[in-house]
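1. for reference, the sequence and a predicted model appear below.
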Amino acid sequence: MKIKSIIVFLSAAFLIFMAASISGAEEYGWSENSGWVNIEPSGYGGMIIESDHLEGYIWSEGIGWIKLGTYSGGGSHAYNNTTADNWGVNRKNDNTLEGFAWSENSGWINFNPEGSQVKVDPGNSSIQGFAWSEGAGWIHFKNYIPEDPVIPDEPYIPYEPYIPQQPQNNPPVILSDNKPVSEITIDSSEDGFPKSFSLILTGNDPDGDNLTWLIPEHAVHGTAVINKQDDLVIINYNPDKDYNGKDTFKLELNDGEFSSFLTVNVNVLAVNDLPVIIFEENAVSRLDIEMDEDGDPHQFSLTLSAADIDGDVLKWSILKQPSYGTALIPETENLKKNISYMPETDYNGQDMFEIQVSDGIDAAILTLNINIRPVNDKTVITGISRKMIAVPENTALLLSLSDLNISDTDNDLNELALFVKQGEHYTLTGNTLTPDKDFTGWLKVPVYINDSTEDSEIYLLDVIVSNDADADGMADIWEAENGLDPLNNDAQDDNDRDGFTNLEEYLCSTLPFDLDSRPDFLFADAGAERSAIPGETVRLNAGNSISYRGYIAKYLWEQISGTEVTLSDINAVRPVFTVPETIEQQALEFQLTVTSPCSIIRTDTCIINIIKTGIPPTADAGEDQLVIPDTLENSIITLDGSRSSDPDSEIVEYTWNQVDGLPINLSDINSIMPTFTLPGNMQGRSESLAFNLTVTDDQGLKSSDTCIVNISESNMPPEVVITPFESPVAERSVVVLNASNSKDPDSEIVMYLWRQKSGVPVILFDSMTAALTFATPPVEHEITLVFELTIWDEAGLRGQSQVSVSIEDNEIVSSIPEPDYNDDGGSGGCFFNTIFFLKQGS
């Protein structure tokens, strides 16, 4: 600060102010910065020192008139709000002066400024010290006489002294980086990260007043707070959670009278927010879930949703797959996701997987810890441990666990117990059965296993009773006469490769080493897979079962799954049942067993889906395969049901079973892609294996499909070629499906077999020839029938293919009679005349 000093003198050693008049040079004093000071100017009484204040007027060349007395004019001046009616220069008890005098040209003079004072010396009626002038700075009163004072001419005496108005106060100043500011803009990140709000200010007041910081206008989208540290003021601002955009607030600096303002503009920069995974209305990053082994009785159940405050499109994925199971997230646009998890079969213990929800930049991760509680698994009897269980006539047989193939993942064999139940044609003592006297033939023996917790399902054990030393079901004398070993169980061998086992040749009195001597071909056909509704009458159809060059001696229908219904006649070719009105949506499965006159048995199953709202799945057992047994990489064969589909729900169960060919063991009959290993003795042999896949959706509906695995080192399987035809075809018309162009690259086709896979059942004519004939049923709208052709070559290898036939309503009422579905005379029956009539008329 620049300081201007005024030094005031009187004619003696110091400036003396007296009430008496002074003549000549004694009437003047000297001020270093403002020239002569006239102590007693003309027309005014000069300065008078009273006991409690100063009075009068004095004149200075530089600053004009100085009024020392009181003044009553209203208003206030710059110093601590002293009102105008009591300002003046007062003398205190200790002779110090306080208060204000007014100078015409330099404004207010403070006689008691901060850090200094002016004091009366009562001994010589003088004043000493420093006073402060608004316009002239410091005025220094001291005892000093210049060596050669200049005596000026008579000073100018104004007619009337200037009477000042109330002194002016100066407003405070807000400083940023030592520069005055009234508006400032600052960037900050959403939620204050990564860039936080930062503002440091200082305040200055020219008058030295005490200052107060205020926030008169608060932020709309955040909170501002004032923090003081010594001379600095730190302004903190936090935006509202997840807010981005513009915000503003105002600061005020007040000196008690006046204020200065600072407008603070804040740019809250957008920052990507992590999405959140929500479970039961709470954001989660970890969940612990309990379930039971194999999901029974308590399965894995988890419904999640996700949210993103930025409104980004979210993508769900499995970040880390479980170690002991399979987790899936449905590919749907629903806001909620039903997460599925299924542990590996029979696994219990701990498992974990991670779900990720990404907004394209960042991702939320949920860790799912799963505790899979152990649950006892029923023992499963999968078959017998040898080709056949046989007992000589009038001989007792002790059945044991070693006679059976058993699957039990929870227990050792020594923890299992076999139980045999009573059946026909034998007596039972414990697990020992004794055939009735002189009885020969097959026994159906119900058995089950208890694992100390629960019983297995009943398994019907086939036992052959004969005079049979090797217990293979064939009489010893017949084996000896036909080149078989009576001491070796060779019942399941097919020595002449005619498709029938030695035991079947024995039962039908044909020769086991003669390809031209074989039993009648027997094929069970339980009918097409189809749908029905509650209240509908459904007719099962075994009419397309075949006994080539013979007849079928017995039909037997059994319901093997679903709500029990009542069949009109379990031994009829085409029994009927009525679907209950109250039945739930599900699949009903029926097994057909046909028996030839020589006791050869074949079985087949059909599916009737009871529909309310759903659509059944479509099973796909995969492509047929050719395997070369001496190729190492083909020694493990994989079946593939992954192309199975469902249009309106999810497939929840896969079940595989072998329906034909050399018996093998699948790795997991409930796997989507089970495997099996070829036996080590396949070199030089040709085998054809058939597998059936049944899939079940989450509505209980089912579908099945078959695939073929041909095994051969050199022979190639035959190829089905079906001649194209025009589709759709009219109702009540004759359709011929022609596969005469089917071929085999290195052999001959020796057998054709047509069957209907799905749709309204029809009767098949010439189903064991290259050309299948059938009559289309009457329809009210277009429908589709699916047929499958299987062909065999001389080596027993197979090829198969499916063909679809669409049938449309031709709106013509035909006189051609419908097939008599009440005929139970086997395949064909009275329908032969209908086919003949249609052929003649076409």
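-> Here it is on my side, so go on.
2. check which helix or strand the residue nearest the centre of the chain maps to.
-> What sits nearest the mean C-alpha location of the chain, by CA atoms, centre = their mean, is W316, with 4.5 Å. If you go by DSSP states H and E, W316 is part of strand 315-320.
3. just confirm P122 contacts T96, I think it does.
-> No: at 11.9 Å, P122 does not count as touching T96 under the criterion of CB atoms under 8 Å. In short, each C-beta sits where N, CA and C put it, glycine included.
4. just want to know which of these two has more residues nearby.
-> Per other CB atoms under 10 Å, whichever of P122 and T96 has more neighbours is T96, with 15 against 11.
5. what's the more buried one sitting at in phi/psi?
-> Per-residue torsions, T96: phi -80, psi 150 (degrees, to the nearest 10).
6. likewise the one 10 residues further on?
-> The phi and psi torsions at S106 (degrees, to the nearest 10) take the values phi -120, psi 10.
7. contacts only, for I552.
-> L522, S545, V594, T595, S596, G826 (CB atoms under 8 Å, 6 or more residues apart in numbering).
8. could you dump those into a markdown table and include secondary structure?
-> What follows is the contacts of I552, written out as a markdown table (DSSP: H, G, I helix; E, B strand; the rest coil):
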| residue | secondary structure |
| --- | --- |
| L522 | strand |
| S545 | coil |
| V594 | strand |
| T595 | strand |
| S596 | coil |
| G826 | coil |
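9. for these, which two are the farthest from each other?
-> With CB to CB as the measure, no two of the contacts of I552 lie farther apart than T595 and G826, at 12.8 Å.
10. show me where the stretch 351-500 of the chain has helices.
-> Using DSSP state H, counting those that start in this stretch, the helices of the stretch 351-500 of the chain run over residues 476-481.
11. low-confidence stretches in it?
-> 387-388, 477 (pLDDT under 70).
12. please enumerate the strands of it.
-> Under the criterion DSSP state E, counting those that start in this stretch, strands of the stretch 351-500 of the chain are mapped to 363-373, 380-384, 389-391, 397-398, 404-407, 417-420, 426-429, 432-435, 441-450, 459-465.
13. in stretch 755-774, what's buried?
-> By neighbour count on 16 or more other CB atoms under 10 Å, the buried set for stretch 755-774 is 755-759, 761-767, 770, 772-774.
14. oops, could you answer that again for stretch 680-687 instead?
-> By 16+ other CB under 10 Å, the buried positions in stretch 680-687 come out as M682, S686, E687.
15. average pLDDT for it?
-> Averaging pLDDT along stretch 680-687 gives 76.
16. ok, D490 touching Y506?
-> No: applying CB under 8 Å as the test, D490 and Y506 come out as separate, 10.5 Å apart.
17. can you pull the residues that touch both of these two?
-> Common contacts of D490 and Y506 (CB under 8 Å, 6+ apart): E479.
18. compare those two (neighbour count), which wins?
-> Y506 (25 against 21).
19. isn't the residue nearest to the centre of the chain up against I329?
-> Yes: W316 is within contact range of I329, at 4.9 Å (criterion: CB under 8 Å).
20. what touches both of these two?
-> Contact criterion CB under 8 Å, 6+ apart; residues shared by W316 and I329: K337, I355.
21. out of the buried residues of stretch 680-687, which comes closest to G661?
-> G661 lies nearest to E687 out of the buried residues of stretch 680-687, by CB to CB, at 5.9 Å.
22. chain neighbours aside, what residue packs nearest to the closest one?
-> Residue nearest to E687 in three dimensions, not counting chain neighbours: I711, with 4.4 Å by CB to CB, 6 or more residues apart in numbering.
23. my guess is the one you found contacts G684. True?
-> No: look at I711 against G684 with CB under 8 Å: they stay out of range, at 11.1 Å.
24. what pairs with the strand holding W316, parallel or antiparallel?
-> Strand pairing for strand 315-320, using DSSP bridges, gives strand 349-358 (antiparallel).
25. and the strand it pairs with, which residues are buried?
-> Neighbour counts over strand 349-358 (16+ other CB under 10 Å) mark D351, F353, E354, I355, Q356, V357, S358 as buried.
26. and which of those residues is nearest to Q422?
-> D351 (45.3 Å).
27. measure the closest one to Q492 for me?
-> Using CB to CB, to the nearest Å, D351 is found at 42 Å from Q492.
28. how many residues are close by N282?
-> Neighbours of N282 under the rule other CB under 10 Å: 8.
29. bridging residues for it?
-> Beta-bridge partners recorded for N282 (DSSP bridges): F279.
30. okay, and the helix or strand of this structure with the least pLDDT?
-> Here the helix or strand of the chain ranked lowest by mean pLDDT, DSSP states H and E is helix 831-841, holding a mean of 33.
31. domain parsing of the chain, as residue ranges.
-> As given by automatic domain parsing, the domain ranges for the chain are 6-141, 173-269, 276-373, 522-610, 625-711, 729-841.
32. closest one to V447 among those domains?
-> Comparing those by CB to CB, domain 522-610 comes nearest, at 17.9 Å.
33. tell me the gap between the closest one and the middle of its chain.
-> Its chain's C-alpha centre and that of domain 522-610 lie 43 Å apart, by CA atoms, centre = their mean, to the nearest Å.
34. okay, how far is it across it, tip to tip?
-> One end of domain 522-610 sits 30 Å from the other (CA to CA, to the nearest Å).
35. ditto for stretch 595-609
-> One end of stretch 595-609 to the other measures 27 Å (CA to CA).
36. in it, what's buried?
-> Using 16+ other CB under 10 Å as the test for burial, stretch 595-609 gives 595-602, 604-609.
37. repeat that for stretch 119-132.
-> So, applying 16+ other CB under 10 Å, buried residues of stretch 119-132: K119, V120, S125, S126, I127, Q128, G129, F130, A131, W132.
38. can I get these in TSV including distance to G62?
-> Shown next, in TSV, are the buried residues of stretch 119-132 (distance: CB to CB, whole Å):
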residue	distance to G62
K119	24
V120	24
S125	24
S126	21
I127	18
Q128	20
G129	20
F130	17
A131	14
W132	15
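39. adding secondary structure, pLDDT and distance to L418, write the residues you listed out as JSON lines.
-> Below are these laid out as JSON lines (DSSP: H, G, I helix; E, B strand; the rest coil; pLDDT from 0 to 100; distance: CB to CB, whole Å):
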{"residue": "K119", "secondary structure": "strand", "pLDDT": "85", "distance to L418": "127"}
{"residue": "V120", "secondary structure": "strand", "pLDDT": "82", "distance to L418": "131"}
{"residue": "S125", "secondary structure": "coil", "pLDDT": "66", "distance to L418": "139"}
{"residue": "S126", "secondary structure": "strand", "pLDDT": "71", "distance to L418": "136"}
{"residue": "I127", "secondary structure": "strand", "pLDDT": "76", "distance to L418": "132"}
{"residue": "Q128", "secondary structure": "strand", "pLDDT": "79", "distance to L418": "130"}
{"residue": "G129", "secondary structure": "strand", "pLDDT": "78", "distance to L418": "126"}
{"residue": "F130", "secondary structure": "strand", "pLDDT": "79", "distance to L418": "123"}
{"residue": "A131", "secondary structure": "strand", "pLDDT": "79", "distance to L418": "125"}
{"residue": "W132", "secondary structure": "strand", "pLDDT": "79", "distance to L418": "120"}
